[in-house]
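Participant: Fold the following.
(2 chains)
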Amino acid sequence: MSGHDLISEQGLRLDGRRANELRRIQCKLGVFSQPDGSAYLEQGNTKVLAAVYGPHQAAAKKSNHEEVIVNCQYSMATFSTGERKNRPRGDRKSQEMTIHLRQALSAAIKLELYPKSQIDIFIEVLQADGGNYCASINAATLALIDAGIALKEYVCACTASLANGDIPMMDISHLEEVSGGPTLTVASLPNSHRIAFMEMSQRFHLDHLPKVLKTALAGCKEVQVILDKAVREHLAHVGSAGDWQNVGK
Amino acid sequence: MLTNKIFLRKTKRGNILKIVREHYLRDDIYCGSEFCNDCDHESHDKVLSEQPTSKSRLYPFPHYLVLDTNAVLDHIDVFEEDVLTDIVVLYTVLDEVKHKSSSVYKKFREVIADKSRNIYIFVNEHHRDTYVARQPGESANDRNDRAIRVATKWYDNHLKETKRRVRAVLLTDDADNKRKALEEGILVCSAAEYVKSLTEHPTLQDKLSHKNYETESNKVAIYPPHLTPTQIHQGIKDGVLHQGAFAASRENYLEGSVNVEGYEKFVLVQGRDGLNRAVDGDIVAIEIFPEEKWTAPSEIILQDDNENPDDNLEEEANFLPQIKPSDSADRSPTGKIVGIIRRKWRQYCGILQPNFLQGATRHIFVPAERKIPKIRIETRQAEQLNMQRIIVAIDQWPRHSRYPKGHFVRALGPLGDKATENEVLLLEHDVPHSKFSEEVLSFLPKLPWTITDDDIACRVDLRDICICSVDPPGCTDIDDALHCRRLSNGNLEVGVHIADVSHFIRPGNALDKEAALRATTVYLVDKRIDMVPELLSSNLCSLRGNEVRFAFSCIWEVDDEANILHTKFHKSIIESKKAMTYEEAQLIIDDASQQHDIATSLRNLNKLAKILKRRRIESGALVLASPEIRFQIDNETHDPIEVEAKKMRETNSMVEEFMLLANVSVAEKIEKEFPECAMLRRHPEPPQTNFEPLVKAGRNQGRNLRCLFFLSLAIILYGGPGFEIETSTGRKLAISLDEAVKTDNPYFNTMLRILATRCMMQAVYFISGTTQRPEFFHYGLAAPIYTHFTSPIRRYADIIVHRLLAACIGADSTYPELLDKRKTSALCNNLNYRNRMAQYAGRASVALNTHLFFKGRTQEEEGYVLFVRKNALQVLIPKFGLEGTIYVSGKKGQGKKFDVKFVYNEEEHTQQCGNIVFHSFDPVTVRLSLDTSNVQHEKLVLQLVKPYIEGFSVRSITEEESNQPMDEPMPLAPKRKTRGGRDDNVKSKKKTK
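Facilitator: Alright, predicted model coming up:
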């Protein structure tokens, strides 16, 4: 699709964003009461639910004396894409996604605090419009916080790609994913400037990597600000009975 | 920044798919006017001037123009003139233009890019106040119209202060839109009204398009109606209709063909109803007749000579072949065009047909390209334009009009002027020929150019090796040099050194982009249009004698049997010891007394080349022919004074052989290193049907010999049938071509080879990752893999190949675009297109000069009958490489009849007159002269001299000077030979003199 300009001359992308803008992110913590922690996150039209159970005692077989076992399960709803498609749990794509999620989340959780235990993280994609992995990570972070699990810091994820083979773009939508070039997905710990996970969907020339990576990391930082604000608002709301909203003021 | 509003757009496609997309509306999109103080945009974004001066009588106050899509599409030529300024282009409009016509879009973009025009693109679709959502039941078109009106209204209200105001005026040709705009209180008028109100610019009116949206007038319709797009779509889906590109016939304006997928042969379309207003290049919908109604291409040559500007039609039934069910072999699929899917109209060069009415405004325009119909235009400047070459664009072709309607775009210059004619030629072939811009030149190395130590460090120093170059005389862009020396182990070392252009042209800069656009240097007879600026092409890159230059070297170690033992590539510094012409090199080789370094190395090279060539031919490489000629140009007048056919010497073939070897070696190397993105060249094997004319010509040759001329000879020499040309493989073809020799007609073999050349497909560049490995094959050279490496000064593909090879050997780094398959494929398409056009332009230039050559002279020449047609003989004159037509029977209804009658034998493709029979390949003598009776349209005329036919032929000049038996000469337009394109084998180099 070479004739397709992902960024117009006026600097606007197909959906009207500029190159360095995220989609609108809306999120809510504590959406369910059954799990220990839960969160709902919308990143544009990508909508994700995350639920966290634990830490609870791990089965004897799996149990680890040193650190907690992080168990993830990622699944997509039948109705999440334009075409309805039955998605059995544990298909290859979900399995891969599960492993990737576990990798990034394990990097943020203080694993050593919960030996012989297990944390279950369930992620359900309700609507998929690009950047599913990022939305899942961001939602899972919120759910972990909601569950009160000790984290080193927020783990945030963002995608970046190249428009017209030159300009780096932040937070790729589905349309841009299919018509554009390769997508770089990064999950990072923004405060310590560490990268927990990084993946490329296709190849591009090495020369492009620094600027695309920079854009993705900048995206992660922005995501963190939004998540942090949501967490603070949530806490203020939860603790309003105990006059918590004035704590720290 | 974000307004955080999400609008959903839902579209359905295929098996009903709901697509939900976000659509962000912003508050940081500004109006782009200097007048405005509300919008806080940077001053450089303020494009529209503060107080635009009004040129229009209709709106004598400051205003900006807002354009509707139809105004842009129809009147792009008006906007190309820099009269209208301060224009707001809405994103909706830009998007619609882009989807409706890519050519208009391209032009429009150029107009917008012109800073002096003050044109601002307003992204109304993402502006908070001007976005409109599609309402239930509203068509997409209506929504867009509404969006345009809303945006116009917004501008009108936005640019308002207490005292002064800039208005917004909407230009639209859509009556409905105009009415609604008036109701909403928007200033609105049609583009034509607005242009007519510009009192200072009356000539702009000529450029208005004459499209009217009214339904068919009460005039009698000449053409059948076209189907609507939905009908076409349905028809194609049901398999009733087919889609294809229409190609008009050069020889018969009432005939053409459509290339339909799934049919091996072209689908034939004939007659006015069959063609149904299709113009060459259009994508059309075609209905294919049942097989019993199929016909064969008519064998006649027909030009639209009608001087009548009215819509009367001549009887056409006579020109159409009668369907004979018997000869099914000749018949090809036939159909009729029922609709146009996409017009491929462009602008056409040509002249005005003289109009005898004084002061008339309606004129007929005759395009230079014969495949294009005449065009009806309106102009008030006919007096000035009469003797000029002009450019015209087609607007529409209504059913009741015999010719399409168009409008005048611009004048090029006086007729017959060499510069104008060259300009026409370049324009017609889309050759970029403007001067190199300052930006491009800024990337040239600064003079005096010096070689730094760094340069030397990364190159192999070959300055002490005896390297020399062999080129055509007068060649200034020498891009290859050779050497050959005996190694201590007894083997030979052969080196091909190619100018290192990629050292000077770095990827991505303006110079590189310009070269990529031009793709190739174009050689006209008296002019060279360079791909890279002259400093590089004729100086720094040119491997001139006794000057130190950078080169990219390909070195082989070979034994005396020319077996390659070892190949290596490296960048080097060389100093050519001598720059020779082919002739000089040949003399050195032949002169045994010369025993210096250059002579021995040339002799060795020559020896090896012969072995290589033999080996290549044994494996099935073809030797084809195309008559090539060169002109001797008068130094002062630049008119051609003498014509001669190009001579092929041994040295030509010697250089060629090593270039081929280098190309193959490099192709193997880069394909191995970059299997996905190597730029290669392939030459597909032509489908067997392509060879039909050749096979037929070979067979007919047997019967031809019954001709009285050679009767006696034939009986002695050939009793049997004609030559059977085997075409199943390249090797068989090569052998059968070699065997088809007639002792009595030495040119016969060459003629066959010329025909064979025409059967070939075009060789093309491609990216290795886009094609299957077996298709890499180069048919003409019988090489499994091939590329272009040896002429980076004049071909862009070679520069890319140089960069790839440099990356292979670690001499240079890659860059993103080089390894991007999509981008390089797009580049290949451009290279292929430009190369084809450059070839056509070169031929057209030779034709033009042949024409000039015959100005004021008459000459008799030997020629050969190439084809026998129903009403004409096509004759090839080898000396000029010129192909011309002798009409043997006049057109019906025009009273052009000869005293003698020719009988056409369809079976054997012969024309008989009395006891003289004309076959293909028969030698004839013809008289060539220029018919200057019509100043505007000079034609080369061919008249038969020998064999002499009373009442038809002209007496030879030597025999009789005064008596001309024919008062009206038969017109002929000169045409170049060699349509097919195989450029590698026939000549590996082509340079200006």
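
Participant: Please enumerate the strands of chain A.
Facilitator: Chain-ordered strands for chain A, with DSSP state E as the definition, fall at A:25-29, A:37-43, A:46-57, A:69-76, A:117-127, A:156-163, A:167-170, A:183-189, A:194-200.

Participant: among these, which is nearest residue B:286?
Facilitator: Among the strands of chain A, strand A:156-163 comes nearest to residue B:286, with 40.1 Å by Cβ to Cβ. For every residue, glycine as well, the C-beta is placed using N, CA and C.

Participant: tell me which strands and helices the closest one is in contact with?
Facilitator: For strand A:156-163, the elements it packs on are helix A:132-147, strand A:167-170, helix A:174-179, strand A:183-189, helix A:209-238, judged by 3 or more Cβ pairs under 8 Å, 6 or more residues apart in numbering or on different chains; DSSP states H and E.

Participant: mind listing what the fourth one pairs with, with the direction of each?
Facilitator: Spelled out, it's strand A:183-189. For strand A:183-189, the paired strands and their directions (DSSP bridges) are strand A:156-163 (antiparallel), strand A:194-200 (antiparallel).

Participant: which one of those strands is the most hemmed in?
Facilitator: Comparing the strands paired with strand A:183-189 by mean neighbour count (mean count of other Cβ atoms under 10 Å in any protein chain shown), strand A:156-163 ranks first with a mean of 26.

Participant: Let me see the contact set for residue 49.
Facilitator: All of this refers to chain A. Applying Cβ atoms under 8 Å, 6 or more residues apart in numbering or on different chains, we find residue A:49 in contact with A:31, A:38-40, A:123-124, A:126, A:139.

Participant: Wait, chain B was what I had in mind.
Facilitator: Going by Cβ under 8 Å, 6+ apart, residue B:49 touches B:34, B:85-86, B:118.

Participant: re earlier: mind putting the strands of chain A into CSV with distance to residue B:258?
Facilitator: What follows is those, written out as CSV (distance: least, Cβ to Cβ, whole Å):
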stretch, distance to residue B:258
strand A:25-29, 54
strand A:37-43, 50
strand A:46-57, 47
strand A:69-76, 48
strand A:117-127, 47
strand A:156-163, 39
strand A:167-170, 42
strand A:183-189, 42
strand A:194-200, 45
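
Participant: could I get the ones you listed as CSV with mean pLDDT?
Facilitator: Supplementary listing: those in CSV, determined by pLDDT from 0 to 100:
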stretch, mean pLDDT
strand A:25-29, 92
strand A:37-43, 94
strand A:46-57, 93
strand A:69-76, 92
strand A:117-127, 94
strand A:156-163, 92
strand A:167-170, 90
strand A:183-189, 94
strand A:194-200, 93
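
Participant: Hmm, residue B:655 and residue B:612 touching each other?
Facilitator: No: applying Cβ atoms under 8 Å as the test, residue B:612 and residue B:655 come out as separate, 11.8 Å apart.

Participant: For these two, indicate the residue with more neighbours.
Facilitator: Regarding residue B:612 and residue B:655, a neighbour count based on other Cβ atoms under 10 Å in any protein chain shown identifies residue B:655 as having more, with 24 against 20.

Participant: That's all I had, so thanks and see you.
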